[in-house]
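Enquirer: coordinates only, sequence not included:
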């Protein structure tokens, strides 16, 4: 064998042996805290532990690593963590910055690495911003709260562990967000169509109170101008109506109004309005079609998942409300208490008080706006239904609101609505937490039992004083209802 060939084989054998070597972690007995400054194409990670802090004296001097937003970059980060500690001893903190952190978070969770989230932090004034400093500052925040147990007064600086969402929440998240955007866009289109109707044919609303309902839009699409409507035959108008509306008398009156309209008559302006009217109608039809498709898919997902079955059993939650709650919560494991979920929703009151002359309470501006609006609508709707929420509303109204003799009604009803919405959120957490504990006790591979659903009779007994906690092993409380003073 030639010497050159033997040398090549020896080098290849050395490379195989070197690749089979497993690096021994430098800090095998410690927890490594990693802060990652998220970017669009490039991230920076900062590493901190007791030994690293003692070696570099200040956390600003601890090591960092820049890596790309790619699988190779993620592998570089994991390999660097593995060089320092075993993966099960590493914790990573990410800022909740839009959607750029989601791919890295998903990769780390697949590697069974503990991931924490924190709200986007404001840079201290007078300090030069660098990605390295931001990453090490995140690592120091994680180290202070988890290792040293430092408490923070501002909840926006509190780190929270990230748990992978359920399958239903993962699918519904995009649906609900897109539906929310389409709903707003559809409202904008209807407002523009209303403005065009007010300029072209303002008397149209005397027959059709809402010019954007399906029947009204059909008439406007077939006869976009008052002149076309005035010269149309009665049989052509009858073919467009829905059932018996509008009646023949209404159709004749509509044609008379079209002949005597005060709408714009300028030809150039009419051409521009007609083109805009046609395009807006087509766009509105497309938005409504997409909304119907999203609603169908969302309803199917909610009906077939455990969380959806639980939420649908609670009045007055429907399919869209349940889908919004599931997509927003992700998994109930992210919240230990009902107060955390209500704060995340934004249903957290802020009270301003000084002495006895100033006392105001309002909801915080933080939170998820669609869920906050939905909670208010759910609580308002529940007060009109035959359920325990309505009876609770009637019982709390004289106590929390003040009666006004002038208007013969109560003032301050929003306080009662807010109280009911808060209790709804607490009830949702209780049922979802109970189902989570039930699933955690099911052995792997075994079919889980059906979920525990809301029972109005149990809720009524709770309101009457026979309260029993959903937590196993909790003794029932005795609630004594005192007689009313006459």
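Expert: Yep, it's here. What you see is a predicted model, and the numbers here were worked out from it, not measured in a lab.
Enquirer: Run through the stretch 101-250 of the chain and note the low-pLDDT ranges.
Expert: Scanning the stretch 101-250 of the chain for pLDDT under 70 picks out the ranges 123-128.
Enquirer: 80 instead, please
Expert: Low-confidence segments of the stretch 101-250 of the chain, defined by pLDDT under 80: 121-129, 154-156.
Enquirer: residue boundaries of the helices in it?
Expert: Secondary structure of the stretch 101-250 of the chain, counting by DSSP state H, counting those that start in this stretch: helices at 102-110, 131-142, 167-200, 214-222, 226-230, 234-238, 248-259.
Enquirer: ok, residues contacting stretch 36-47?
Expert: 32-35, 62-69, 73, 77, 80-81, 84, 92-95, 97, 100-101, 104, 131-132, 134-139 (CB atoms under 8 Å, 6 or more residues apart in numbering). C-beta coordinates here come from the backbone N, C-alpha and C atoms, glycine included.
Enquirer: sorry, back to before: with residue 304 as the reference, name the closest of the helices of the stretch 101-250 of the chain.
Expert: Nearest of these to residue 304, taken as CB to CB: helix 167-200 at 8.1 Å.
Enquirer: returning to that earlier point: highest average neighbour count across the helices of the stretch 101-250 of the chain?
Expert: Sort the helices of the stretch 101-250 of the chain by mean neighbour count, taking mean count of other CB atoms under 10 Å, and helix 131-142 sits at the top with a mean of 22.
Enquirer: same for it, what does it pack against?
Expert: strand 32-37, strand 42-48, strand 64-68, strand 90-95, strand 114-118 (3 or more CB pairs under 8 Å, 6 or more residues apart in numbering; DSSP states H and E).
Enquirer: Provide the strand pairings for the first one, with the direction of each partner.
Expert: When pairing is defined by DSSP bridges, strand 32-37 lines up against strand 42-48 (antiparallel), strand 90-95 (parallel).
Enquirer: in the shortest one, what counts as buried?
Expert: Just to be clear, that refers to strand 90-95. Neighbour-count burial for strand 90-95, with 16 or more other CB atoms under 10 Å as criterion, is recorded at 90-95.
Enquirer: Throw the residues you listed into CSV and include distance to residue 192 and pLDDT, thanks.
Expert: Formatted as CSV, these follow (distance: CB to CB, whole Å; pLDDT from 0 to 100):
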residue, distance to residue 192, pLDDT
90, 53, 94
91, 51, 95
92, 47, 96
93, 45, 95
94, 41, 93
95, 38, 87
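Enquirer: now those in CSV, with distance to residue 238?
Expert: Listed next are these as CSV, based on distance: CB to CB, whole Å:
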residue, distance to residue 238
90, 74
91, 71
92, 68
93, 68
94, 63
95, 62
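Enquirer: sorry, back to before: most tightly packed of the helices and strands packed on helix 131-142?
Expert: strand 32-37 (a mean of 27).
Enquirer: what distance separates it from the centre of its chain?
Expert: Distance of strand 32-37 from the chain centroid (CA atoms, centre = their mean, to the nearest Å) equals 26 Å.
Enquirer: could you give the angle of that strand to helix 102-110?
Expert: Taking axes from the mean of the first three to the mean of the last three CA atoms, to 10 degrees, one finds that strand 32-37 is oriented at 160 degrees with respect to helix 102-110.
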